[in-house]
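Asks: let's see this in three dimensions:
(2 chains)
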Amino acid sequence: GDSVTQMEGPVTLSEEAFLTINCTYTATGYPSLFWYVQYPGEGLQLLLKATKADDKGSNKGFEATYRKETTSFHLEKGSVQVSDSAVYFCALTPTGTASKLTFGTGTRLQVTL
Amino acid sequence: GAGVSQSPSNKVTEKGKDVELRCDPISGHTALYWYRQRLGQGLEFLIYFQGNSAPDKSGLPSDRFSAERTGESVSTLTIQRTQQEDSAVYLCASSRAGNSYNEQFFGPGTRLTVL
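Replies: Below you'll find the predicted structure:
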């Protein structure tokens, strides 16, 4: 079945550091790929998405590119802020009309001054 | 309200008791999903409702779990004879239509603790 693997956390960075959170997936066909974020005390929010190969999703300075050849969707940000501290989840939905999400285990990011 | 709401926010119960969790989706959203997040794990899909179609129950872990939804409104997730392994945060989400291009909006979750 479909699965998502993302790097273990927690990840601790200083403010203005470069962030990469790795995500790889296993799925048939061409799934849609997502990054969700959960800030402390809040619900899950969609951060960005990409629906076909080579698409780049971007939002709030975060980017991720859908790489079919490496089955990856790594999350990057050039300069993190303390306010980016949260748990980040990579997820996919299969090709077709069903849209249940398959999630990775989440990566906690802690940004310090 | 503007977002997905869930109640209760926290529920503590004894092993063997039944519990009922409630989800109010965003008005006009035809699709509704239940997920479970156990400690240190990702979210697991449980069940999906789309309009008046038969629900996709493929993620329900056992016959102790069931869910209902009336039309495009409130949904309830019922867990009978709760076990300690049912302890988790139960998340509900809704979207405008059931295809992969529609963003799912999540509620704050219900934290269930089975003693």
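Asks: nearest the middle, which residue of chain A would you pick?
Replies: A:Trp35 (3.4 Å; CA atoms, centre = their mean).
Asks: with adjacent residues omitted, what lies nearest to that residue?
Replies: The shortest distance from A:Trp35 to any non-neighbouring residue, by CB to CB, 6 or more residues apart in numbering or on different chains, is to A:Leu47 (4.4 Å). C-beta coordinates here come from the backbone N, C-alpha and C atoms, glycine included.
Asks: same check, this time on A:Ser58
Replies: A:Leu48 is the one closest to A:Ser58 (CB to CB, 6+ apart), at 5.9 Å.
Asks: from A:Lys77, how far out is A:Leu47?
Replies: Distance of A:Leu47 to A:Lys77, computed by CB to CB, to the nearest Å: 10 Å.
Asks: shared neighbours, these two?
Replies: Listed as contacting both A:Leu47 and A:Lys77 by CB atoms under 8 Å, 6 or more residues apart in numbering or on different chains are A:Phe62.
Asks: which residues of chain A lie near chain B?
Replies: By CB under 8 Å from any CB of the partner chain, the part of chain A that sits against chain B consists of A:4, A:31-32, A:36, A:42-46, A:49, A:51, A:89, A:91, A:93-106.
Asks: of those, buried ones?
Replies: Neighbour-count burial (16 or more other CB atoms under 10 Å in any protein chain shown) is assigned, among these, to A:4, A:31-32, A:36, A:43-44, A:46, A:49, A:89, A:91, A:93-94, A:99-106.
Asks: so which of those residues are in strands?
Replies: Judged by DSSP state E, strands contain the following of these: A:Val4, A:Ser32, A:Tyr36, A:Leu44, A:Leu46, A:Lys49, A:Phe89, A:Ala91, A:Thr93, A:Thr102, A:Phe103.
Asks: how about the contacts made by the first one?
Replies: What that stands for is A:Val4. A:Val4 neighbours (CB under 8 Å, 6+ apart): A:Cys23, A:Thr24, A:Tyr25, A:Thr26, A:Cys90, A:Ala91, A:Leu92, A:Thr102, A:Phe103, A:Gly104, B:Gly42.
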